[in-house]
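Chemist: Predicted coordinates and the sequence they were generated for:
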Amino acid sequence: MYAIVRAGGRQEKVAVDDVLTVDKLSGEAGSTVTFPAVLVVDGDKVVSSAADLAKYQVTAEIVGAVKGPKINIMHYRNKTGYKRRMGHRQPYTEVKITGIKAGK
């Protein structure tokens with residue numbers, strides 16, 4: 001069984017016990033978050049209608065905060081002596097999927 005969930009403006013394919021990196025979430029390590037399901041596949045049964053997906057709940061546990069790769073930014077203007085160097089590391093949150101359950 002797996003699901004496609006919406007996480008941080010992107011869609012991710014997840015199954016139970018998967019660890020994935022999503023955009024930064026508020027919450028501490030060990031707390032639980034839920035993601036809205038876009039599609040659920042259970043064997044040969046595919047659930048995609050909005051009414052049926054509202055019954056499904058994808059829960060995850062926050063593992064911790066991580067940072068993305070370093071991005072180097074260089075601004076340069078020719079013949080003026082202007083140059084600036086900056087760097088950036090995007091903050092992410094690592095989550096572990098704990099369950100994909102059908103509700104009421």
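Modeler: Ah, there it is. Bear in mind the structure is a predicted one, so any value in this text is a computation, not a measurement. Residues are numbered from 1 along each chain as shown.

Chemist: C-alpha from now on. contacts and neighbour counts both.
Modeler: Fine.

Chemist: Counting by contacts, list what the helix or strand containing residue 41 packs against.
Modeler: Following DSSP states H and E, the helix or strand that holds residue 41 is strand 37-42. Helices and strands touching strand 37-42, by 3 or more CA pairs under 8 Å, 6 or more residues apart in numbering; DSSP states H and E, are strand 2-7, strand 45-47, helix 50-53, strand 56-67.

Chemist: please redo it, this time with the cut-off set to 6 Å
Modeler: Judged by 3 or more CA pairs under 6 Å, 6 or more residues apart in numbering; DSSP states H and E, strand 37-42 is in contact with strand 2-7, strand 45-47.

Chemist: So what's the gap between the last one and the chain middle?
Modeler: Okay, so that is strand 45-47. Here the centre of strand 45-47 is set off from its chain's centre by 22 Å, with CA atoms, centre = their mean, to the nearest Å.

Chemist: Counting by contacts, list what the host helix or strand of residue 99 packs against.
Modeler: Element membership for residue 99, per DSSP H and E: strand 91-102. Using 3+ CA pairs under 6 Å, 6+ apart, the elements in contact with strand 91-102 are strand 19-23, strand 56-67.

Chemist: between those strands, which one is nearest to residue 1?
Modeler: strand 56-67 (11.6 Å; CA to CA).

Chemist: ok so, going back, need the helices and strands packed on strand 91-102 in JSON lines with distance to residue 81, mean neighbour count and mean pLDDT, can you?
Modeler: Output for the helices and strands packed on strand 91-102, formatted as JSON lines (distance: least, CA to CA, whole Å; neighbours: other CA atoms under 10 Å; pLDDT from 0 to 100):
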{"stretch": "strand 19-23", "distance to residue 81": "37", "mean neighbour count": "18", "mean pLDDT": "95"}
{"stretch": "strand 56-67", "distance to residue 81": "33", "mean neighbour count": "19", "mean pLDDT": "95"}
